[in-house]
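> Can you look at this prediction? I've put the sequence above it.
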Amino acid sequence: MEIKKYAVAGTTESSDIMIVVEPSNNNEVAITLDSSVEKQYGDRIEEVIIATLKNLGITSAKVSAVDKGALDCTIEARTVTAIHRAAENDDYNWKEMDTWNV
C-alpha cells in the first residue's frame, strides 16, 4: 500500500489515540509520539504502530501519534484506519488482520 495523502484517525479523548499519517519523501517510516504515558508505555505504543505498518506493507510514511492511554487494540485499529484513508484504500482484509496478533 502506498501513502498518497494526509489522513487522521482517532481523537485526543481519554483512552484513545490520534494517528496522523502523511507521505514521506525519505522512503522510511518516521514516528513521532506524544503520550501521557510515554515513560511507562512509549516503547510498546511505537512497537504496535511499527508492527501494524509492517503488516500493511508500509515502508514509507510519517506517522504522528497523540496518545491518551489507548490500549493496544485501539492503537492498531486507529493505525489501520489512518493508513487506509491515506492510501485511499477501502478494501479491508479482515481475515488477514485477525491473524496479526500484534
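Ah, there it is.

> Excluding chain neighbours, what is closest to the residue nearest the centre of the chain?
Compute the mean C-alpha point of the chain, and by C-alpha atoms, centre = their mean the closest residue is Thr79, 2.6 Å away. Take Thr79 and drop its neighbours on the chain: the residue closest to it by C-beta to C-beta, 6 or more residues apart in numbering is Thr52, 4.3 Å away. In this view, the C-beta of every residue, glycine as well, is placed from N, C-alpha and C.

> does the one you found sit in a helix, a strand or a coil?
Three-state call for Thr52 (DSSP: H, G, I helix; E, B strand; the rest coil): helix.

> I'd assumed Ala82 was in contact with it.
No. In this structure, Thr52 is not within contact of Ala82 by C-beta atoms under 8 Å, at 9.8 Å.

> thinking again about what came up before, in a helix, the residue nearest to the centre of the chain, correct?
Yes. Under three-state DSSP, Thr79 sits within a helix.

> Just list the residues touching it, thanks.
9, 19, 48-49, 52-53, 63 (C-beta atoms under 8 Å, 6 or more residues apart in numbering).

> That one and Val29: what is the separation?
According to C-beta to C-beta, to the nearest Å, Thr79 stands 11 Å off from Val29.

> can I get the CA coordinates of the strand or helix carrying Glu46 in CSV?
Secondary structure from DSSP states H and E places Glu46 in helix 38-55. In CSV, the C-alpha atoms belonging to helix 38-55 read as follows (Å, rounded to 0.1, in the frame of the first residue of the first chain):
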residue,chain,number,x,y,z
GLU,A,38,5.1,7.7,27.3
LYS,A,39,7.6,6.9,30.1
GLN,A,40,5.7,3.7,31.0
TYR,A,41,4.4,2.6,27.6
GLY,A,42,6.1,4.6,24.9
ASP,A,43,8.2,1.7,23.6
ARG,A,44,5.1,-0.5,23.4
ILE,A,45,3.0,2.1,21.6
GLU,A,46,5.7,2.5,19.0
GLU,A,47,6.1,-1.3,18.7
VAL,A,48,2.4,-1.7,18.0
ILE,A,49,2.4,1.1,15.4
ILE,A,50,5.5,-0.3,13.6
ALA,A,51,4.1,-3.9,13.6
THR,A,52,0.8,-2.7,12.1
LEU,A,53,2.6,-0.7,9.4
LYS,A,54,4.8,-3.7,8.6
ASN,A,55,1.7,-5.9,8.4
